[in-house]
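# this is a predicted model, with the sequence first.
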Amino acid sequence: MRINIGIFPLVAAFLIQGHHVMAQYPPGQRLPFESNLLPSSATPPVIPAPSLPSTQTLSQFRVNTFKEFVRQASQPQYRSVDAQMCDLKPLADFLLWVADLPATPETTAFLKTKTRPLPNWSILYGRVAEITDRSGILLWKYEQPEMSLTPTLVRLRSYPQQSALVDGKVVVVFAKNEVPFSYIDSQHNKSTVNSYDFGQPATKQQFNLYLQRRPARAVRLPPQPVRLPTNLPPVQSTP
C-alpha cells in the first residue's frame, strides 16, 4: 500500500487501529434492526477546505488537529461498556506518540511490531446527520481531521450529550466497535452501517471496584551500583 509521506503520522495512527468491525463477530450473527425512516441516502454536507496560515501545511494541520481530537475524545477517561471498565488513557497516549513519529520506512516496519491498546475501540470525528430516540446518532464520519471530503455514515449510540446535539454538529469521541446496525432508510430500502458504542461514564463505585481488581503494576527498581570487593590484592606496577 502506498502511503503519502506528508501525512504519514496520521495515516499510521489509523493503520494500527483495530480490525474492521465486521470481523469482530461470528458469521451469521443477526444485526440490530430498526424500522425507522432514517436518511441513509441523504447527501453529505459540503464543507469547504480549511483556510491554512502561510506557516502551516495541510499535513501539519492534519497532525495537529488529530492530536487535539485524541485529547478531546479521551474524555471521560473511564467508560463502562458491556459490563467492562475501560481506561482510555493508554489508547490516547499511544496515538499521540504515533502522531509524532518520523515518516520513514523504518517507522512503518516498527509500528507493525506494536500492539495498539484497546484494539476494539476507534476514534470518530464527524458531523451529526440524524438524531433518533431509540437508535442513537447517525454520524457522517470523516477520514481526515479537516472533515471536508468523503464522509461515511455510521451509527453512534450511548452518547451522553445526545439531547444537546443538532444536525451538522461536530462530534469527536472514542467509541467501541460493535456489530453493524441495519434499518429502513427514507427510500424504503434496507441500509446497514458500522456501529459504535460510546459507553457509560464510570461511576465512583465502578471506578473504585476497577482499581481494586486491576493487577498491580510491576515496580522497576533503579539499577544497583557495582560494589567491588575490598580485599583485592594491590595492582602490581609493570617495570
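Alright, I've got the coordinates.
# how about A202, what does it touch?
A202 makes contacts with P76, Y78, R79, S80, M85, Y210, as judged by C-beta atoms under 8 Å, 6 or more residues apart in numbering. Where C-beta positions appear, they are placed from N, C-alpha and C, glycine not excepted.
# mind listing which of those residues are in helices?
Using DSSP state H, the subset of these located in helices is Y210.
# only whichever of the contacts of A202 are buried, select them in ChimeraX.
Here is the ChimeraX selection string for the buried members of these, based on 16 or more other C-beta atoms under 10 Å:
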select :78,79,80,85,210
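# which single one of the contacts of A202 is nearest to V63?
P76 (24.9 Å; C-beta to C-beta).
# buried stuff in the longest helix belonging to the chain?
Ordering each helix of the chain by length in residues (DSSP H) puts helix 58-73 first. For helix 58-73, the neighbour count (16+ other C-beta under 10 Å) marks S59, F61, R62, V63, T65, F66, K67, F69, V70, A73 as buried.
# closest one of the contacts of A202 to I137?
Using C-beta to C-beta, those come closest to I137 at R79, 16.6 Å.
# contacts only, for that closest one.
M85, C86, L88, F198, G199, Q200, P201, A202.
# and with 6 Å instead?
C86, G199 (C-beta atoms under 6 Å, 6 or more residues apart in numbering).
# what about the spatially most central residue of the chain, which SS state?
The centre of the chain sits closest to I123, judged by C-alpha atoms, centre = their mean, with a distance of 2.8 Å. Taking DSSP: H, G, I helix; E, B strand; the rest coil as the rule, one finds I123 in the strand state.
# of all the contacts of A202, which comes closest to V166?
P76 (22.5 Å).
# touching, the closest one and P201? I think so.
Yes. Between P76 and P201 there is a contact under C-beta atoms under 6 Å: 4.5 Å.
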